[in-house]
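> what's the 3D shape of this:
(chains A and B)
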Amino acid sequence: MTDLNSLKYTEDHEWVALDGGVATVGITDYAADKLGDVVYVDLPAVGTVVTAGDVCGEIESTKSVGELYAPVSGEVVEINDDVVADPSLVNADAFAGWLVKVRVDGALEGLLDRAAYVALTGGEA
Amino acid sequence: MTDPAAPRESAQTPLADRHRALGASFTDFGGWSMPVRYTSDLAEHHAVRRAAGLFDISHMAEIVVEGADGGAFLDYALAGRLSTLPVWKAKYSLLLAESGGIIDDLIVYRLADERFFVVANAGNRAAVVEALLERAAGFDVSVSDETEAYALIAVQGPIAREVLAATPGVSRPGRALDEIPYYAATDAEFDGAPLLIARTGYTGEDGFELYIEPGRAGALWDALLAAGEPLGLVPAGLAARDTLRLEAGMPLYGHELSLDIVPVQAGLGRVVALDKDDFVGKHGLQSVVAAEAPVLVGLIAEGRRAGRAGYAVLDDGGTPVGEVTSGALSPTLGHPIALAYVSPSHSAVGTELAIDVRGTAIPATVTELPFYRRTK
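Below is the predicted model of the structure:
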């Protein structure tokens, strides 16, 4: 099981796990539940440079389309091909179904700890 | 601080406690708090196609029309011919404005010679009741909004009949379940309470819609679920209901139908009995110049990216020729499907078009409706 307290979060419902200089990014289970069954993910290509706060991908469910915001700035070094092939992995375990890994360039800003994120969702997360 | 713009509290159906106990997510729909899903939209969708789903659709509005002029009144008030509808039969109909635009789509059941049961969309309840009351002037008829007197539970799917037959407490049907044709109904009882069993639905599958007094709805829901779960019945929410009806090519008011759309545009010309002497909307329909009005088509695409309501439909040169009204990645078919209004010159089956999916033109082909048709 993922230790949710070890992760950082964004107001756009991404989670971030930092390991050395690389951030692994996914969407939270709260966001996955709100979206419903994820049927398509559009992720940035490896090598793309993303900017914190900008849209870098899309997550479509049967009901709606959600945007993936880059929680950090840097270069995409890996994407989760398993999730691209089977987007339902995001619903099965949103914290295991990571989306992209980004080599962080610069300082981390505006990320929330677990308590702040849970508060943001009104305690539902 | 209280937000002055906060919407009025949504109405709860008599089954709200069941949905909460089942862990449902809720959404507001037509002024009601409705279960959008219990577990997974896709699992619920597939269950309805392969076995059966149990839906709470108590938000629907029930209006009783009663009196010696009931048939004549509905012939005047609605687009179809209801006066010749046999007792215990149902008919899909439209309530039109004077302009010919659609106020609502509804199902009319004839429960007796002089008693009709009109089922309207939750969001249009007030408009439908108001129009019917206004149109009743001069007819020997009463129109009463009895929405609060009914809960409505739908059992939909290939094993729906088996589920209902296995449910204890459902008794004394006016005729056997096997002998109720599609778009027909019968009276029955559930543990002594009146139960109206209709073989109708909004999923493209066989199924039943069960009208029961609110105080007995919980017990009926529990009995259906207990009897049906071993057979494959699962509770299903509005998300699955929407993808099911879309695959079946059924219009949803507010998406495919509106005051700005006349029936022929929506492919519903057959619902209008233009040969009736007079009915509200007849004048309007006769003055509509239909030649250039957009028409409803089905679009299919490859891949997994679905066109959504509001997305532009483009011709092969990239010029907008229409707009998507509903779209999803079809759970049953595995590819994107959409309903869209397009110009008549681009509406022929086989026409190659594209949907502007957030800046990317996704090729799409006009196809026959429905997208999905059950085999039996």
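
> Spatially central residue in chain A, please.
Residue closest to the average C-alpha location in chain A (Cα atoms, centre = their mean): A:Gly26, at 2.3 Å.

> how close does B:Pro344 sit to chain A?
Per Cβ to the nearest Cβ, to the nearest Å, B:Pro344 is found 30 Å from chain A. Placement of C-beta: from N, CA and C, glycine included.

> any weak-confidence spans in chain A?
Chain A contains residues with pLDDT under 70 at A:1.

> tell me, how many neighbours does A:Ala32 end up with?
Neighbour count for A:Ala32, taken as other Cβ atoms under 10 Å in any protein chain shown: 23.

> Am I right that A:Val22 is in contact with A:Lys101?
Yes: when contacts are counted by Cβ atoms under 8 Å, A:Val22 is listed as touching A:Lys101 (5.4 Å).

> Could you list the residues in contact with stretch B:282-298?
For stretch B:282-298, contacts defined as Cβ atoms under 8 Å, 6 or more residues apart in numbering or on different chains pick out B:96-101, B:249, B:251, B:256, B:262-267, B:272, B:274, B:276, B:322-323, B:325, B:337-344, B:347, B:366-371.

> Please repeat the previous calculation with a cut-off of 7 Å.
B:98-100, B:249, B:256, B:262, B:264-267, B:272, B:322, B:337, B:339-344, B:347, B:366-369, B:371 (Cβ atoms under 7 Å, 6 or more residues apart in numbering or on different chains).

> OK, contacts around the residue nearest to the residue nearest to the centre of chain A when sequence neighbours are not counted?
In this structure, A:Gly26 finds its nearest non-sequential neighbour in A:Trp98, 4.4 Å apart by Cβ to Cβ, 6 or more residues apart in numbering or on different chains. Applying Cβ under 7 Å, 6+ apart to A:Trp98 gives the contacts A:24-26, A:80.

> for chain B, what are the nearby residues on chain A?
Contact residues (Cβ under 7 Å from any Cβ of the partner chain) of chain A with chain B: A:33, A:36-37, A:39-40, A:60, A:62-63, A:65, A:91.

> One more pass at 6 Å, please.
Selection of chain A residues close to chain B by Cβ under 6 Å from any Cβ of the partner chain yields A:36-37, A:39-40, A:62-63.

> Let's have those in a markdown table, adding distance to B:Leu210 and secondary structure.
As requested, these are exported to a markdown table (distance: Cβ to Cβ, whole Å; DSSP: H, G, I helix; E, B strand; the rest coil):
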| residue | distance to B:Leu210 | secondary structure |
| --- | --- | --- |
| A:Gly36 | 27 | coil |
| A:Asp37 | 28 | coil |
| A:Val39 | 32 | strand |
| A:Tyr40 | 36 | strand |
| A:Thr62 | 26 | coil |
| A:Lys63 | 26 | coil |
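
> Quick one: the helices in the chain, in order.
Going with chain A. A:29-35, A:81-85, A:88-92, A:114-120 (DSSP state H).

> not what I meant, chain B
B:16-21, B:41-50, B:70-77, B:125-135, B:160-165, B:214-228, B:238-247, B:282-287.

> Buried residues, the third one. List them.
Of the residues in helix B:70-77, those buried under the neighbour-count criterion (16 or more other Cβ atoms under 10 Å in any protein chain shown) are B:70-71, B:73-77.

> same question for it, mean pLDDT?
Taken as a whole, helix B:70-77 carries a mean pLDDT of 98.

> quick one: it to chain centroid distance?
Put simply, helix B:70-77 sits 22 Å off its chain's centre (Cα atoms, centre = their mean, to the nearest Å).

> export it as CSV, just CAs?
Taking Å, rounded to 0.1, in the frame of the first residue of the first chain, the C-alpha atoms of helix B:70-77 are listed here in CSV:
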residue,chain,number,x,y,z
GLY,B,70,-59.3,12.0,-22.1
GLY,B,71,-58.4,10.6,-25.6
ALA,B,72,-59.7,13.7,-27.5
PHE,B,73,-57.8,16.0,-25.1
LEU,B,74,-54.5,14.1,-25.6
ASP,B,75,-55.0,14.1,-29.3
TYR,B,76,-55.2,17.9,-29.1
ALA,B,77,-52.5,18.4,-26.5
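
> neighbouring contacts of that helix?
The contact list for helix B:70-77 (Cβ atoms under 6 Å, 6 or more residues apart in numbering or on different chains) reads B:81-83, B:114, B:116, B:132, B:135, B:139, B:141, B:276, B:279.

> between it and helix B:125-135, how big is the angle?
110 degrees (axes from the mean of the first three to the mean of the last three Cα atoms, to 10 degrees).

> Same question for the second one.
Helix B:41-50 runs at 50 degrees relative to helix B:125-135, counting by the same axes, to 10 degrees.

> okay, the angle between helix B:41-50 and helix B:238-247?
Using the same axes, to 10 degrees: helix B:41-50 against helix B:238-247 is 50 degrees.

> And helix B:41-50, what's buried?
B:41-49.

> Is any residue of it near chain A?
Yes: using Cβ under 6 Å from any Cβ, helix B:41-50 reaches chain A at B:41-42.

> could you give the mean pLDDT of that helix?
On average, helix B:41-50 scores 98.

> Now do it: distance to the chain's middle.
With Cα atoms, centre = their mean, you get 18 Å for helix B:41-50.

> go on, the fourth one?
Going by Cα atoms, centre = their mean, the spacing between the C-alpha centre of helix B:125-135 and its chain's C-alpha centre is 19 Å.

> Averaged pLDDT, it. What do you get?
Helix B:125-135 comes out at a mean pLDDT of 98.

> Give me the buried stretch members for it, please.
Within helix B:125-135, the residues that count as buried by 16+ other Cβ under 10 Å are B:125, B:127-129, B:131-132, B:135.

> from the stretch 251-376 of chain B, which residue is nearest to chain A?
B:Arg304 (4.2 Å; Cβ to the nearest Cβ).

> neighbours of that residue, just the number please.
15.

> any idea what sits nearest it, other than its immediate chain neighbours?
Going by Cβ to Cβ, 6+ apart, B:Arg304 has A:Tyr40 as its nearest residue, at 4.2 Å.

> Now do the contacts for the one you found.
With Cβ under 6 Å, 6+ apart, A:Tyr40 has these contacts: A:60, A:87, B:304-305.

> Mind jotting down where the strands sit in chain A?
Ranges of strands in chain A, per DSSP state E, are A:8-9, A:14-19, A:22-27, A:38-42, A:49-50, A:55-61, A:65-69, A:74-79, A:100-104.

> Using TSV, please lay out those strands together with distance to B:Ala166.
Formatted as TSV, these follow (distance: least, Cβ to Cβ, whole Å):
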stretch	distance to B:Ala166
strand A:8-9	47
strand A:14-19	45
strand A:22-27	41
strand A:38-42	34
strand A:49-50	55
strand A:55-61	34
strand A:65-69	40
strand A:74-79	49
strand A:100-104	49
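
> one step back: enumerate every residue touching the residue nearest to the centre of chain A.
A:Gly26 neighbours (Cβ under 6 Å, 6+ apart): A:15, A:98-99.

> In the helix or strand of chain B with the lowest mean pLDDT, which residues are buried?
Lowest by mean pLDDT, DSSP states H and E among the helices and strands of chain B is helix B:282-287, with a mean of 90. Within helix B:282-287, the residues that count as buried by 16+ other Cβ under 10 Å are B:282, B:285.

> same deal with stretch B:225-240?
So, applying 16+ other Cβ under 10 Å, buried residues of stretch B:225-240: B:225, B:227-228, B:232-240.

> The residues you listed: which two are farthest apart?
Spatially, the most separated pair among those is B:Ala227 and B:Ala239, at 24.7 Å (Cβ to Cβ).

> where exactly do the strands run in the stretch 101-250 of chain B?
B:102-112, B:115-120, B:142-145, B:151-156, B:170-171, B:185-190, B:193-198, B:207-212, B:233-235 (DSSP state E, counting those that start in this stretch).

> Cheers, nothing more for now.
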